[in-house]
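# 3D, please:
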Amino acid sequence: MSDAKLNGYAKLNGTEAKTPFLIGVAGGTASGKSTVCKRIMEKLGQVDMDQKQRQVVCISQDSFYRELTPAEIAKAEKGQFNFDHPDAFNESLIYDTLTDILAGKMVQIPTYDYRNHSLRKDEILTIYPADVVLFKVSWFSTFRK
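Below you'll find the predicted structure:
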């Protein structure tokens, strides 16, 4: 992600803008990541604020599950698919999205439908440039770098 920033600044249309501060909130399933992020957002007065005005935004690795094959969907319906495994995620989409966020770009992220085990392309979360980005993550090897 270092290619998206230079000394803490991102290039935007020939001008420099401060790179957002990216905080990874990591942990396993049901470990409290969402609770921690919610409390941070509440304490900073960001919850009831219009999304375009927020200085702190929160995104979840869950929005980046890859499309499952029919065989994987069958396993998921039986509770036999490991959604916590790194292979369950679209790492290149995560990387590209985080790179765009660090460059100060607006991004659109699909919402994951847990019932149907697929991305809801009709329900998109728009993330506007913010000062701080909370990223709820269980595992993302590139993020550690």
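
# Parallel or antiparallel, list what pairs with the helix or strand harbouring Val25.
Assigned by DSSP states H and E, Val25 falls within strand 21-26. Partners of strand 21-26 in the sheet, by DSSP bridges, are strand 132-137 (parallel).

# rewinding a little: quick one: distance of the strand holding Val25 to the chain centre.
Computed by CA atoms, centre = their mean, to the nearest Å, the chain-centroid distance of strand 21-26 equals 10 Å.

# send the alpha carbons of that strand over as PDB?
Output of strand 21-26 as PDB, limited to C-alpha atoms (Å, rounded to 0.1, in the frame of the first residue of the first chain):
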ATOM      1  CA  PHE A  21      -5.200   6.600   9.400                       C
ATOM      2  CA  LEU A  22      -6.000   2.900   8.900                       C
ATOM      3  CA  ILE A  23      -6.600   0.900  12.100                       C
ATOM      4  CA  GLY A  24      -7.000  -2.900  11.800                       C
ATOM      5  CA  VAL A  25      -9.300  -4.300  14.500                       C
ATOM      6  CA  ALA A  26      -8.500  -8.000  14.400                       C
END
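
# what helices or strands is the top strand by length along the chain leaning on?
For the chain, the strand with the greatest residue count under DSSP state E is strand 118-127. If you count contacts as 3 or more CB pairs under 8 Å, 6 or more residues apart in numbering; DSSP states H and E, strand 118-127 packs onto strand 56-60, strand 107-113. For glycine as for every other residue, the C-beta is placed from the backbone atoms N, C-alpha and C.

# again, 10 Å this time
Judged by 3 or more CB pairs under 10 Å, 6 or more residues apart in numbering; DSSP states H and E, the packing partners of strand 118-127 are strand 56-60, helix 91-102, strand 107-113.

# Could you list the buried residues of that strand?
Leu119, Ile127 (16 or more other CB atoms under 10 Å).

# Next, count neighbours for Val47.
For Val47, the count of nearby residues is 12 (other CB atoms under 10 Å).

# Would you state the predicted confidence (pLDDT) at it?
pLDDT, Val47: 82.

# same check, this time on Pro86
86.

# again with the one 3 residues further on
Looking at Phe89, its pLDDT reads 91.
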